[in-house]
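1. Structural data only, the sequence is not supplied:
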C-alpha cells in the first residue's frame, strides 16, 4: 500500500509536495548580461549566482533558477516570460522562455 505525504497542521500536504522549480530555457537571442540582470531583478539573485546560471543555461540549455511554492513559481515564470527583449541585441525580439515543474 503506498504511503501518503503527511498532512500539515493546515490540512494540506507536506511542504515537499508544494515545491516547484522555475526552469529557464536557453536561446541565442539574449546576452549573458541580460540573463544576469533579469535573474537579479526577478529573483533577487546575487550577481555571481545569476552569472553562473547564465553560463549553465548556455551550456546545458536549461537551468533551474528558483524553487518555491507553485504560485510563486508561476509568478516568477511569468516575470521571465514578460521581461522583454535584450536591448543589446537587435535580433532579440522578446523575452526568454521558462516553465515550471514540480521538484522531483
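-> Received the coordinates, thanks. What you see is a predicted model; the values in this text were computed from it and never measured.
2. What residues are bridge-paired with the residue positioned nearest the centre of the chain?
-> Centroid-nearest residue in the chain: residue 22, 3.1 Å away (criterion: C-alpha atoms, centre = their mean). Here residue 22 sits in beta bridges with residue 66, residue 100, going by DSSP bridges.
3. Could you report the pLDDT at it?
-> Looking at residue 22, its pLDDT reads 98.
4. Residue 78 is in contact with that one, correct?
-> No: if you go by C-beta atoms under 8 Å, residue 22 and residue 78 don't touch, sitting 9.9 Å apart. No exception for glycine: its C-beta is placed from N, CA and C like everyone else's.
5. Quick check: neighbours shared by those two?
-> Counting by C-beta atoms under 8 Å, 6 or more residues apart in numbering, residue 22 and residue 78 have no common neighbour.
6. now residue 23: how far from residue 45?
-> With distances taken as C-beta to C-beta, to the nearest Å, residue 23 is found 15 Å from residue 45.
7. can you check residue 30 too?
-> 16 Å.
8. Just want to know which of those two has more residues nearby.
-> Set side by side, residue 30 and residue 45 show more neighbours around residue 30, with 23 against 18, by other C-beta atoms under 10 Å.
9. OK, contacts around that one?
-> By C-beta under 8 Å, 6+ apart, the contact list for residue 30 reads 86, 89, 92, 96.
10. Closest one of those residues to residue 38?
-> residue 96 (7.2 Å; C-beta to C-beta).
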